[in-house]
Every structure is written in structure tokens, then in C-alpha cells.
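Q: Got a predicted structure plus its sequence, pasted below:
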2 protein chains.
Amino acid sequence: MRLKETDKAYVAGFLDGDGSIYVRIKPNKSYRFKFQIAPSVVFFQSKENKKFLQSIQCLLGIGNIRERKDGICELMIQREHEIILLLRQIEKYLKLKRKQAQLIVKILDQKQSVKTGHDFVQLTALIDRFEKLNYSKKRKISAQVVQDTLEAEDLLTP
Amino acid sequence: MRLKETDKAYVAGFLDGDGSIYVRIKPNKSYRFKFQIAPSVVFFQSKENKKFLQSIQCLLGIGNIRERKDGICELMIQREHEIILLLRQIEKYLKLKRKQAQLIVKILDQKQSVKTGHDFVQLTALIDRFEKLNYSKKRKISAQVVQDTLEAEDLLTP
């Protein structure tokens, strides 16, 4: 993905207007620390404009499109290296969501160096910050929930 | 308003994502042809992001911000020459709303040369086309309504 400056600026404007950057913490017993970190960059449109989302997908060369039951189409980018690649390019043009972009890149960076349960809890504490940035409702799975789970599973002892 | 290329592209992306381009036909007895042609370019945001809309207003140097009762803020550009000035600059970067931009510029152009009631009805027929572009519900005031009104007022006789 090598974008022209004006394409970067356009995508940043579109993401600021009608997109979303977020990370979810999903329970998943098969993971070492019992939770999966699932980051997403999503562009939304009504299904009438699905072709447009496909053109953005072509431009970026990444992402998957799915049609929701409520008639909304989503272009979702969920692979970590693709999210980092995209956000690093458009970050300087983002106005509304620059902090989210910087935070998600930081989270994915820090995720690489998680070794212990404590590291993992610290990582989820970073994810808690998204709540404020996205004006989202209180997360069900906060760093506190992760910490309590890892303690119960005896994953926080050195 | 002299924008950098990347600013034009950003504003185009943001308008495609979270903006609207439309023309309304409003009944107004004080107008020669009984209706007012009211074009708008609008950028929407939640009121939490009002400052962001103000920064776009500063960047463009045009428009007014109003806070709606439902918590949405709008940056509205409604002066004809400002709409034309803005759309001419960002048109080439618009992907979703380029046709609307071209149509509104054409409408405002044609509006300048309206002399007769017939000219005016033709102008409103052009506005009817917006319906399809914006997937909007059927307009209350269509070209047909305008024509009927002007006929009743004896404004269509040569």
C-alpha cells in the first residue's frame, strides 16, 4: 500500500467522517492470557454505496467487506500489520481520530512485547483509554476484569 | 478560500463520509416565482466534536455552525457563491458525492439565467434529480408542484 498524499488525506477525511478505530478485548480460553485483543479500523456506508467501499478497498489493497443485516456495509481492516501500515500513512491527516490512531499503534506495539500476565494487564489498561476517546459506553471487559480473571487462573504469579 | 491539495482531499473525504449536499425548494410568497431555491452543503458531528467543526470552518473561512436539539452540530454553507467556490475546489477529490456537487453547481449556474416562469419550472426539474442521487424520500415540492402553482398564479403565460 503506497498512497498518494491526496489519497491519504481523502481516506483520513472519510475515516474521520464515517469510520471508526477501536480495540475490543474478547474472552477466548484458547489464548494464553484468556483474552484476545481485537483491533479494527472500519469504514461504514449504506449498502447502496457498497461499490464505493470496494473502490476504497482497491485503493488500500486491504480489508474485507461485509454487509450487515441492518443494511450497513462495512469495510473492516483487522490484521495488525495492515492496521499499522494504514494508520502510519494517514495519521498526519487525521483530525478527529488522530489520538485513537496513535493509541492503537502504541497498543499493537506494546502487544509484541507482552511476556507475563502483568504485561498483559498493563496492555488492557491502555485499551481502557479508548473508552474516553470514542465516547463509548463502559466496556464490559476492562483491565480490571482481565486482572481478576488472570488472578483467578493463577496467571499473575511470577 | 485557497486550500492546499491535501486539505481539499481531506474535506472531500469528510464530506463523502459525514456530510450532505442538497437543494430544497421552499414556498415563499415574497419571491417572484413563489418558491425559494435553498442549496446547502452541510458537515455533521456530535456536539462533543463542535471544536472540530470550528476548525473546518476556520480552514474554509465560510459557513455557520448550529447546534441541533438532538445533540448534532452542523456546519452549514448556504451562500450560493460560497457553495460554488467550495465545490469547485474539492470536486475532483469527491468520490461519493461528485455527481451531487456537479448538479448543484449546474443548478446555481442555471438559476442565474432564469427569466420566465417556464425557466423556473425547468430549474426545479433539475432539482428533482437530487432525489435519486441522495436516495432521499420523495420531495414534497417537486417541479410538478411548482408548475401547478405557477399556472394557478398565472405566471406561466408568456
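A: That came through, no problem.
Q: buried stuff in the lengthiest strand in chain A?
A: In chain A, with assignment by DSSP state E, the single longest strand is strand A:35-46. For strand A:35-46, the neighbour count (16 or more other Cβ atoms under 10 Å in any protein chain shown) marks A:35, A:37, A:39, A:41-45 as buried. C-beta coordinates here come from the backbone N, C-alpha and C atoms, glycine included.
Q: Who are the packing partners of it?
A: Applying 3 or more Cβ pairs under 8 Å, 6 or more residues apart in numbering or on different chains; DSSP states H and E, we find strand A:35-46 packed against helix A:5-18, strand A:19-27, helix A:50-60, strand A:72-77, helix A:80-90, helix A:98-112, helix A:117-133.
Q: one step back: ok, so of the buried residues of strand A:35-46, who is nearest B:Leu156?
A: Nearest to B:Leu156 among the buried residues of strand A:35-46, counting by Cβ to Cβ, is A:Gln45 at 41.8 Å.
Q: Do I have it right that that closest one meets A:Ile72?
A: Yes - with contact defined as Cβ atoms under 8 Å, A:Gln45 reaches A:Ile72; the gap is 7.2 Å.
Q: And the contacts of stretch A:144-158?
A: Contacts with stretch A:144-158, where a contact means Cβ atoms under 8 Å, 6 or more residues apart in numbering or on different chains, come from A:25, A:33-35, A:116-118, A:120-121, A:124.
Q: Tabulate the residues you listed (TSV), appending pLDDT.
A: Below are the contacts of stretch A:144-158 laid out as TSV (pLDDT from 0 to 100):
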residue	pLDDT
A:Ile25	91
A:Phe33	92
A:Lys34	91
A:Phe35	94
A:Thr116	92
A:Gly117	92
A:His118	91
A:Phe120	94
A:Val121	93
A:Thr124	92
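Q: Enumerate the residues of chain A near chain B.
A: A:5-19, A:43, A:45-46, A:48-49, A:52, A:55, A:93, A:95-96, A:135 (Cβ under 8 Å from any Cβ of the partner chain).
Q: Of those, keep whichever come out buried.
A: The buried subset of these - by 16+ other Cβ under 10 Å - is A:6-19, A:43, A:45, A:49, A:52, A:93, A:96.
Q: Relative to chain B, how far out is the residue lying closest to A:Val23 once chain neighbours are set aside?
A: Nearest residue to A:Val23 in three dimensions, chain neighbours excluded: A:Pro39, at 4.6 Å (Cβ to Cβ, 6 or more residues apart in numbering or on different chains). Counting by Cβ to the nearest Cβ, to the nearest Å, the gap between A:Pro39 and chain B amounts to 20 Å.
Q: Wait, A:Phe52 touches B:Arg98, no?
A: No - applying Cβ under 8 Å, one finds A:Phe52 not in contact with B:Arg98, separated by 10.8 Å.
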